[in-house]
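> coords below, sequence missing:
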């Protein structure tokens, strides 16, 4: 049972839920991949029967036992954000995922199909009427919108326009019962396709406060000798472009002792960025520790001076709710970010974030402005920011919000009543 705000109990509608994703359930590999594991735990905690359809994971049987779920692994080819021919595999995956779920549905009736990201939303949508299940699409990003920063030879613009329209149309095209979005900016774009606003809910994106704890002693010990500017992530085209390169050059021209630390998989984009920095003579003082598991990321960030999010402009980044920002704030780390709509709307007045223009020199100047700000002032801002994200964006909060919405959609669908969603302010 659950308790209503008035204090009366209501029977919880037990669901058999199929969670569909194109990313391995565990371990997280970056981007939106961390969320699925916490969502699964929340659904199981509430007593729901959870089946996860995802690429093969290490020690799958142990994970099933530990989580109390049933895994249905996709085994035809290797999936992952660093796999070869990633884009082609992403385009083909929904067709094979649909078959995998349909086969399982012949033996097990699913009440809810819950899709993570647009890739699995295609499969969930195509299966909706076929197996008569409630469909909830959890849109963690505007995936094709990121491709606006790709070279035209890699993603021709006419094809990209078609893909972007198709992705936003998925909820309306397939008649989703509920859509969860990572930001208000993405919610607006889904609604603009004609999908009912009352069936959209922004749940944002979270972090694990146990893995990114605020440490007052560590903040007090933080210094600028030398200054360390840190960025972490999966390093795709939109992460590292002219803005990041020009900012690096501008900062090192004034503060040549500054260390730039890029924590993440050494992708082709990162290697190209480092080569461009070398040709400009500004590669000195750059550190690349490589891929770091989610559980260990905080220690690579905690001692830095400034965290950066130098994203190039695109529809994708404007709809994102960037984990880098949330995790840096959790640690009390000052942030410089380009003016991403999704982040600015949620954090319009956060003192620990400074928004630079989509221009490298201006971005670099904002980094230098933080380094000129006395450490004592930075420390005063750190704990209030950390407390806010812990209160509003811890995974427990995000996943309760998502699970409530899924339960409501399932109850409404089974009773024939309209859904009662709203977009969060």
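Alright, I've got the coordinates. Since the structure is predicted, the reported quantities are computational estimates derived from the model, not experimental observations.
> could you show me where the helices are in the stretch 101-250 of the chain, in order?
For the stretch 101-250 of the chain, helices defined by DSSP state H, counting those that start in this stretch occupy the ranges 117-131, 157-174, 184-191, 216-221, 242-254.
> nearest to residue 406, of those helices?
helix 117-131 (12.5 Å; Cβ to Cβ). (C-beta placed from N, C-alpha, C; glycine too.)
> What is the distance between the closest one and the centre of its chain?
For helix 117-131, the distance from its own C-alpha centre to the chain's C-alpha centre is 20 Å (Cα atoms, centre = their mean, to the nearest Å).
> any residues touching that helix, and which ones?
Helix 117-131 is contacted from outside by 20-23, 32, 53, 90, 93-95, 97-98, 101-102, 105, 109-110, 113-115, 133, 135, 137-144, 167, 170-171, 173-176, using Cβ atoms under 8 Å, 6 or more residues apart in numbering.
> Any chance of the backbone angles for residue 260?
Taking degrees, to the nearest 10, you get phi -110, psi 120 for the backbone angles of residue 260.
> That one contacts residue 283, doesn't it?
No. Residue 260 is beyond contact range of residue 283, at 9.3 Å (criterion: Cβ atoms under 8 Å).
> Looking at the two, which is more packed in?
residue 260 (24 against 16; other Cβ atoms under 10 Å).
> list the contacts for the more buried one?
Contacts of residue 260 (Cβ under 8 Å, 6+ apart): 229, 230, 231, 248, 251, 252, 285, 286, 287.
> now do 7 Å
229, 248, 285, 286 (Cβ atoms under 7 Å, 6 or more residues apart in numbering).
> I'd like a version of the helices of the stretch 101-250 of the chain in a markdown table, one that adds mean pLDDT as further columns.
Shown next, in a markdown table, are those (pLDDT from 0 to 100):
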| stretch | mean pLDDT |
| --- | --- |
| helix 117-131 | 94 |
| helix 157-174 | 94 |
| helix 184-191 | 97 |
| helix 216-221 | 89 |
| helix 242-254 | 95 |
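> got these as a markdown table, with mean neighbour count columns?
What follows is the helices of the stretch 101-250 of the chain, written out as a markdown table (neighbours: other Cβ atoms under 10 Å):
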| stretch | mean neighbour count |
| --- | --- |
| helix 117-131 | 21 |
| helix 157-174 | 16 |
| helix 184-191 | 23 |
| helix 216-221 | 13 |
| helix 242-254 | 20 |
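> Select, out of these, the one closest to residue 277.
helix 242-254 (6.1 Å).
> if we can go back for a sec, take the helices of the stretch 101-250 of the chain and write them to TSV, including distance to residue 208.
Formatted as TSV, the helices of the stretch 101-250 of the chain follow (distance: least, Cβ to Cβ, whole Å):
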stretch	distance to residue 208
helix 117-131	20
helix 157-174	28
helix 184-191	23
helix 216-221	17
helix 242-254	27
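> Which one, of these, ends up nearest to residue 411?
Closest of these to residue 411 is helix 117-131, at 17.3 Å (criterion: Cβ to Cβ).
> got the angle for the closest one vs helix 157-174?
Put simply, helix 117-131 runs at 40 degrees to helix 157-174, going by axes from the mean of the first three to the mean of the last three Cα atoms, to 10 degrees.
> Going along the chain, name the strands of the stretch 251-400 of the chain.
Ranges of strands within the stretch 251-400 of the chain are 259-263, 286-290, 306-309, 335-337, 353-355, based on DSSP state E, counting those that start in this stretch.
> What lies in contact with stretch 99-114?
By Cβ under 7 Å, 6+ apart, the residues outside stretch 99-114 that reach it are 15-20, 51, 53, 72, 74, 123-124, 127-128, 130-131, 133-136, 138, 406, 410.
> so of the contacts of helix 117-131, which ones are in strands?
20, 53, 113, 114, 115, 135, 137, 138, 139 (DSSP state E).
> ok so, going back, just the strands of the stretch 251-400 of the chain: most buried one?
Most buried of the strands of the stretch 251-400 of the chain, by mean neighbour count (mean count of other Cβ atoms under 10 Å): strand 306-309, with a mean of 28.
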